[in-house]
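Colleague: Prediction below, plus the sequence it came from.
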Amino acid sequence: MTKRVAILISGGGSNMVALCESMVGDHPARPVLVASNDAAAGGLAKAAAMGIPTASVDHRPFGTDRAAFEAELLTPILAAEPDILCLAGFMRVLTPGFVGRFAGRMLNIHPSLLPKYPGLHTHRRALEAGDTEAGCTVHEVTPVLDDGPILGQARVPVLAGDTEASLAARVLVQEHHLYPAVLRRFAEGDRRPVIL
């Protein structure tokens with residue numbers, strides 16, 4: 001049975017596009033919704049152009065009440081009946097209640113080799129630490145930020161003269177390979193990590 005995938009974004013949606021473009025042919029999943037916390041997120045227009053239903057719920061009117069924001073966000077998500085929820089540059093920390101609702105079926109991509117550098121500014125932290133390699137990780141989402149079981153990693157070398165921007169660009173290329181590979185395996189019921 002084909003798995004239904006909802007994707008949450010906050011920006012341009014390049015990882016979302018990579019995921020959606022991969023879900024064709026004999027792929028075991030199909031995108032059913034792209035939702036954002038920002039109605040101006042560039043990825044929403046890209047998803048709409050691909051024929052994928054979209055929704056947006058602005059987090060700002062809810063202030064610090066994350067649960068109220070999530071309750072509103074759940075309306076389009078639950079209406080889409082997803083089997084898998086993919087976070088693809090979704091820049092809101094989710095409450096344990098929200099995460100628990102999708103336990104075991106929510107994925108996220110993070111631009112570091114977890115458990116190194118959870119949270120923000122990952123490329124700056126890798127450069128400041130003098131790391132010789134960086135990369136990205138796809139993991140299952142748990143209530144602890146960037147801490148769930150690792151489902152895939154891709155590595156890139158840190159080059160002499162790298163800036164945050166140049167390192168981020170090189171990692172992003174790998175993100176676009178890794179996330180679709182992990183999603184396909186995950187949708188087939190296989191949780192063995194993908195290593196690129």
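Modeller: In hand now; what should we look at? Numbers count the residues shown, from 1 in each chain.

Colleague: OK, contacts around the closest residue to residue 62 other than its chain neighbours?
Modeller: Spatial nearest neighbour of residue 62, excluding adjacent residues (Cβ to Cβ, 6 or more residues apart in numbering): residue 69 at 4.0 Å. All C-beta spots, glycine's among them, are computed from the backbone N, C-alpha and C. Applying Cβ atoms under 8 Å, 6 or more residues apart in numbering, one finds that residue 69 lies in contact with 37, 57, 59, 62, 92.

Colleague: Tell me if residue 69 really is in a helix.
Modeller: Yes - checked against DSSP: H, G, I helix; E, B strand; the rest coil, residue 69 lies within a helix.

Colleague: next one: the helix or strand where residue 4 lies to chain centre, how far?
Modeller: Element membership of residue 4 [criterion: DSSP states H and E] is strand 3-9. Mean-position distance between strand 3-9 and its chain equals 10 Å (Cα atoms, centre = their mean, to the nearest Å).

Colleague: Now the helix or strand just after that strand: average pLDDT?
Modeller: Per DSSP H and E, the first helix or strand lying C-terminal to strand 3-9 is helix 14-22. Taken as a whole, helix 14-22 has an average pLDDT of 98.

Colleague: Which residues belonging to whichever helix or strand comes after helix 14-22 are considered buried?
Modeller: Next helix or strand after helix 14-22 toward the C-terminus (DSSP H and E): strand 29-36. By neighbour count on 16 or more other Cβ atoms under 10 Å, the buried set for strand 29-36 is 29, 31-36.

Colleague: where exactly do the helices run in this protein?
Modeller: 14-22, 42-49, 66-80, 96-101, 122-128, 164-187 (DSSP state H).

Colleague: Specify the beta-bridge partners of residue 107.
Modeller: residue 86, residue 140 (DSSP bridges).

Colleague: shouldn't it be in contact with residue 182?
Modeller: Yes - using Cβ atoms under 8 Å, residue 107 is in contact with residue 182, at 6.9 Å.

Colleague: coming back round to it: going by distance to residue 14, which of the contacts of residue 69 wins?
Modeller: Distances from residue 14 to the contacts of residue 69, taken as Cβ to Cβ, are shortest for residue 37 (17.1 Å).

Colleague: which non-adjacent residue is nearest the closest one?
Modeller: Per Cβ to Cβ, 6+ apart, closest to residue 37 is residue 59, 4.4 Å.

Colleague: To what extent is the one you found buried, counted in neighbours?
Modeller: 20 (other Cβ atoms under 10 Å).
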